[in-house]
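A.B. asks: I need the structure of the sequence given here:
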Amino acid sequence: MPSTLNCPGCGAPCGPDATTCPYCGSGLATIACPSCLGSMFVGAQFCPHCGAKAVDATSTGGQTLPCPGCGGDMAAVRVGATPMHQCAQCGSAWLEPDVFASLCADQNARGAVAAAVGGTAAKTPLPNGQRVRYVHCPVCRKVMNRVNFGHTSGIVVDVCKTHGVWFEKDELRGVLDFVAHGGMQQMQANEAAQRAQHQQALGLVDPALLAGNTLGGLATGLTLSMQLSPESGDRSPLRALLSALFS
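C.D. replies: Purely as a prediction, here's the structure:
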């Protein structure tokens, strides 16, 4: 694979870790090619590794929805096989529950959507003193819940349990990046560790299994805690999270 990529704005060569083009000053963000998973810059028309064309959002002519953020129109579009709504004014996106679940579980679909929505996956904590904004579902108009996706991603999304998820600009790509880099597995490991500590406090797990920093002891403790917990079942971390979001 090439050691350098080209800026989508001016075509100048840039390192794959560059965040700004040194020639034209354009902001740069890398994504995975939906075809070969090689690195490419957001905004590039073709993958530099395999030559696959980037997938663009195309209008489906469906019903528009009011944007919960800016009040503009969110147009019905399709990115590859993924139907969604996008706001041209503020860059937000709306996905229905089944669509979002399918997208999270499909590696190729995630790559295509991440390439199309672009932007950076930066976390955006609120400045001190700024009030949290609660927004309304564009379908039923009820106030949506704010959820830190995966508990540890730092990306707070707005969820209507019945109708879907609203992502402000860059949040959808951030969530897909979190999923792609094992965020759900890390979430499951953290929860298993907490359950193990709770079981130890109740005297149901041998404290020696959780003592020290040995990987073997920790792994055994996590396994026991998951076996003892009636809530763990055999669900994948992604399925468990989606169930929590929409049930």
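A.B. asks: contacting residues for Ile155?
C.D. replies: Ile155 makes contacts with Lys123, Asn148, Phe149, Glu171, Gly174, Val175, Phe178, as judged by C-beta atoms under 8 Å, 6 or more residues apart in numbering. Placement of C-beta: from N, CA and C, glycine included.
A.B. asks: can you rerun that using 7 Å?
C.D. replies: Residues near Ile155 by C-beta atoms under 7 Å, 6 or more residues apart in numbering: Lys123, Phe149, Glu171, Gly174, Val175, Phe178.
A.B. asks: One more: Ala54?
C.D. replies: Taking C-beta under 7 Å, 6+ apart as the test, what Ala54 contacts is Ala44, Gln45, Phe46, Ala115.
A.B. asks: among the residues you listed, who's most crowded?
C.D. replies: When neighbours are counted by other C-beta atoms under 10 Å, Ala115 leads the contacts of Ala54 with 25 neighbours.
A.B. asks: Show the subsequent helix or strand relative to the lowest-mean-pLDDT helix or strand in the chain.
C.D. replies: Ranking every helix and strand in the chain by mean pLDDT, DSSP states H and E puts helix 215-228 at the bottom, with a mean of 37. Downstream of helix 215-228, the first helix or strand assigned by DSSP states H and E is helix 237-246.
A.B. asks: Tell me how far that following helix lies from the chain's centre.
C.D. replies: The chain centroid and the centroid of helix 237-246 are separated by 13 Å under C-alpha atoms, centre = their mean, to the nearest Å.
A.B. asks: which strands and helices sit next to that helix?
C.D. replies: When contacts are defined as 3 or more C-beta pairs under 7 Å, 6 or more residues apart in numbering; DSSP states H and E, helix 237-246 sits against helix 97-105, helix 183-201.
A.B. asks: Count the neighbours of Thr60 for me.
C.D. replies: 13.
A.B. asks: can you map out the strands along this protein?
C.D. replies: In the chain, the strands defined using DSSP state E lie at 5-6, 13-14, 30-32, 39-41, 58-59, 65-66, 73-79, 82-87, 93-95, 145-148, 156-160, 164-167.
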